[in-house]
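*Asks:* have a look at this prediction, sequence included:
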Amino acid sequence: MTYTMQQYQDSAQAVRARIGDFVPEAALILGSGLGSLGDQVEGAVAVDYGDIPHFRASTAPGHRGRLVFGTLEGRPVAVMQGRMHHYEGYSYEEVSYAVRVLRLLGCGALVVTNAAGCVNTAWQAGELMLITDQIKLFSESPLRGENLPQFGPRFPDASHLYTPRLQDVARRAAAQLGLTLREGVYFYCYGPQYETPAEVRAARILGADAVGMSTAPEVIVAGHCGMEVLGVTLLSNMAAGILNQPLSEQEVLQAGQAAQEKFSALIRACLRGM
């Protein structure tokens, strides 16, 4: 479907009715098993997706499906505890709808997180990866259809979807915390089936270090809106074919729980440095 500017404004107005004159500076999208950071927001006001006009439900395991507004590290934020995915049956415009609403609410930066399969065989499951670029070649763009110039141009540049300045912030934060922070390229696949070993080998040949089923659509829309973007991946498991074992969603959620402390520490440190 194609959304109108009025629909985006309706959603923003409905949220403003709940949060008053609070203006978030940064938005955070929390991926599978990583939603606990939203529970650390101070002075929190939570708004369920179902209470926002034109929002879609988040049905993936580990996604609570609500927006949390408040402060983290003294910075006003909007935290998405759960996202929408194309594999849930949504169009890419529906998947990325919330990003434009958050932009209308005042967010100038977007922090995206996800749990993904590790493609780089020199790394290990459980590590964190700074996303420096992404590959989304084989599916339509969330910007397909009529352009809304209030958000951005018809043909937006994608040279630096992940903002170099914020990458430097993340590098400094990881160094201060003594955390290993890998850096690499995120490869987007539709899902919901995990990738085949052949697809993982193809992704590696194309330059991917991690493979997952989210993030890329939202980042494209954020770039179109002129938002700065920081991306962090939890390498929750080795991708298909690397180890001789099947993949499962339980493994992903358990990895998210195990990484909560270091993940939260890194994101909070990044917020302080932004």
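*Replies:* Sure, I can see it. Just so it is clear, the model here is predicted, and its values are computed rather than measured.
*Asks:* quick one: end-to-end length of stretch 99-116, please.
*Replies:* Terminal residues of stretch 99-116 lie 21 Å apart, using Cα to Cα, to the nearest Å.
*Asks:* buried residues in it?
*Replies:* Buried positions in stretch 99-116, judged by neighbour count with 16 or more other Cβ atoms under 10 Å: 99-107, 109-116. C-betas here are computed from N, CA, C, even on glycine.
*Asks:* quickly note the distance from the residue of the chain most remote from its centre to residue 197.
*Replies:* The C-alpha centroid of the chain is most remote from residue 244, which lies 29.1 Å away (Cα atoms, centre = their mean). Distance, residue 244 to residue 197, by Cβ to Cβ, to the nearest Å: 10 Å.
*Asks:* swap in residue 87?
*Replies:* With Cβ to Cβ as the criterion, residue 87 and residue 197 are 20 Å apart.
*Asks:* quick one: which of these two has more around it?
*Replies:* The neighbour comparison of residue 87 against residue 197 (other Cβ atoms under 10 Å) goes to residue 87, with 16 against 11.
*Asks:* show the contacting residues for the residue lying closest to residue 103 once chain neighbours are set aside.
*Replies:* In space, residue 103 comes closest to residue 225 once its chain neighbours are excluded; the distance is 4.5 Å by Cβ to Cβ, 6 or more residues apart in numbering. For residue 225, the contacting residues are 99, 100, 103, 151, 152, by Cβ atoms under 8 Å, 6 or more residues apart in numbering.
*Asks:* just the residues you listed now: which is nearest residue 75?
*Replies:* Lowest distance from residue 75 to those (Cβ to Cβ) belongs to residue 103, with 16.8 Å.
*Asks:* touching, the closest one and residue 148? I think so.
*Replies:* No. Using Cβ atoms under 8 Å, residue 103 makes no contact with residue 148, being 11.1 Å away.
*Asks:* how about residue 56, what does it touch?
*Replies:* Counted by Cβ under 8 Å, 6+ apart, residue 56 has contacts 49, 84, 88, 90, 94, 97.
*Asks:* tell me the confidence at it?
*Replies:* At residue 56, the model reports a pLDDT of 90.
*Asks:* next: the one 10 residues further on.
*Replies:* Note for residue 66: predicted pLDDT of 92.
*Asks:* and the helices in the stretch 151-274 of the chain?
*Replies:* Using DSSP state H, counting those that start in this stretch, the helices of the stretch 151-274 of the chain run over residues 164-177, 197-205, 216-224, 249-258, 260-273.
*Asks:* how about the contacts made by the nearest residue to residue 233 once chain neighbours are set aside?
*Replies:* Among residues not flanking residue 233 along the chain, residue 129 sits closest, at 4.3 Å (Cβ to Cβ, 6+ apart). Taking Cβ under 8 Å, 6+ apart as the criterion, residue 129 is in contact with 116, 123, 181-184, 186, 209-210, 232-235.
*Asks:* please redo it, this time with the cut-off set to 7 Å
*Replies:* When contacts are counted by Cβ atoms under 7 Å, 6 or more residues apart in numbering, residue 129 touches 182, 183, 184, 209, 210, 233, 235.
*Asks:* tell me how far the fifth one lies from residue 114.
*Replies:* Spelled out, that is residue 210. Counting by Cβ to Cβ, the separation of residue 210 from residue 114 is 9 Å.
*Asks:* return every residue with contacts to both of the two.
*Replies:* residue 233.
*Asks:* buried residues, stretch 185-203. List them.
*Replies:* So for stretch 185-203, counting by 16+ other Cβ under 10 Å, buried means 185, 186, 187, 188, 189, 194, 195, 199, 200, 201, 203.
*Asks:* just send those residues back as CSV, with pLDDT and distance to residue 165 too.
*Replies:* What follows is the buried residues of stretch 185-203, written out as CSV (pLDDT from 0 to 100; distance: Cβ to Cβ, whole Å):
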residue, pLDDT, distance to residue 165
185, 98, 19
186, 98, 19
187, 98, 24
188, 97, 23
189, 96, 29
194, 93, 34
195, 94, 32
199, 96, 33
200, 96, 32
201, 97, 34
203, 97, 28
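*Asks:* show me which of those is closest to residue 40.
*Replies:* residue 186 (24.9 Å).
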